[in-house]
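> Build me a model:
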Amino acid sequence: AVLGGDGLPDSLQLNADAVRVFDAASAAQPLWSLGAGDVSVQRLDAPAGAGDKPTLSLKINVREARLPPINLPLGRDLARLVGEVTVRGRLPDPLSTETLTKWRDGGGTIEFTLSEARFGPLSMTANGTAALDSTLQPQAAMTANVQGLFAAIDALRERDLVRSRDAAMAKVVLGVMARPGEGGVPTISLPFTIQDGKLSAATVPLMDIPPIPWPKEPRPQFLK
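Now for the predicted structure:
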């Protein structure tokens, strides 16, 4: 970590290999694990009131991760995640409805690129932009090339995250868009959106996105 004049990191680099985290009460299997990973964070020079200028860059490269034991719709195995996130506008610290409103109104957005993502049955590359809507809930638009989408839809349906009717409709509509990809696996290129609390593929709604309960009052800062 390299600290800036304000005491906060200007840059941070983390490299990890063969990480295993165990519960002290039972060491039979790790709670979660990581084969290897690299994360770098860089603060970008931007004047006060940066508006829509890039202020933060995050790069991540994770391989063979076993996620914590929580009920995830696509399982716990994250085989690969390579991507980059750029924050435009100075993201507020601490977060509150007031500070996030100022960030949004000043042009604050988040741009992201997935060079490779393999999670459960799903494999994809994507790029897009995320922001906050008028109620401070996330909205996003991205273009993705996806393999394994039908298996992912089935997994969401089995966990009652997608209604059977919506799953059937999605597979019919998206099946028309599928093209043979590498190894003959069907590949679909399509837009995804998050809007009004729903994740949609093209025009087909897939699942509800739970609202984020932002604090009304600023919480204590993580770093002073």
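> which secondary element of the protein has the worst mean pLDDT?
Ranking every helix and strand in the chain by mean pLDDT, DSSP states H and E puts strand 179-180 at the bottom, with a mean of 78.
> Residue 170 and residue 189: what is the separation?
With distances taken as CB to CB, to the nearest Å, residue 170 is found 16 Å from residue 189. All C-beta atoms are positioned from the backbone trio N, CA, C, and that covers glycine.
> So between these two, which is more surrounded?
Legend: neighbour count by other CB atoms under 10 Å for residue 170 and residue 189, higher for residue 170 (22 against 13).
> How about that one: what's its closest non-neighbour residue?
Of all residues not flanking residue 170 in the chain, residue 204 sits nearest, at 4.6 Å (CB to CB, 6 or more residues apart in numbering).
> Next, count neighbours for that neighbour.
By other CB under 10 Å, 16 other residues sit near residue 204.
> mind checking the SS state of residue 140?
strand (DSSP: H, G, I helix; E, B strand; the rest coil).
> For it, which residues are in contact?
Applying CB atoms under 8 Å, 6 or more residues apart in numbering, one finds that residue 140 lies in contact with 128-131, 192-194.
> Need those in TSV (columns: secondary structure, pLDDT and neighbour count).
Below are the contacts of residue 140 laid out as TSV (DSSP: H, G, I helix; E, B strand; the rest coil; pLDDT from 0 to 100; neighbours: other CB atoms under 10 Å):
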residue	secondary structure	pLDDT	neighbour count
128	strand	96	18
129	strand	97	14
130	strand	97	15
131	strand	96	17
192	strand	92	18
193	strand	95	17
194	strand	95	18
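> quick one: which of the residues you listed is nearest residue 118?
residue 192 (16.9 Å; CB to CB).
> separation between that closest one and residue 101?
Distance of residue 192 to residue 101, computed by CB to CB: 26 Å.
> Where does residue 187 sit, in terms of helix or strand?
Per DSSP states H and E, residue 187 falls inside strand 186-195.
> Buried ones in the longest helix along the chain, by neighbour count?
Longest helix of the chain, by residue count under DSSP state H: helix 164-177. By neighbour count with 16 or more other CB atoms under 10 Å, helix 164-177 contains the buried residues 166-167, 170-171, 174.
> can you tell me the average pLDDT over it?
Average pLDDT, helix 164-177: 84.
> swap in stretch 1-19?
90.
> Residue 155: how many residues sit nearby?
Other residues within reach of residue 155, judged by other CB under 10 Å, total 20.
> actually residue 206, not the one I typed
Per other CB under 10 Å, the neighbour tally for residue 206 reads 22.
> re the thing from before, are there helices or strands packed against the strand holding residue 187, and which ones?
Under the contact definition 3 or more CB pairs under 8 Å, 6 or more residues apart in numbering; DSSP states H and E, strand 186-195 sits against strand 122-132, strand 138-147, helix 164-177, strand 179-180, strand 198-201.
> Determine which of the ones you listed approaches residue 158 most closely.
helix 164-177 (9.4 Å).
> How far does the closest one sit from its chain's centre?
Centre-to-centre, helix 164-177 and its host chain are 24 Å apart (CA atoms, centre = their mean, to the nearest Å).
> which residues sit against that helix?
149-150, 153-154, 156-157, 162, 186, 188-190, 201-206.
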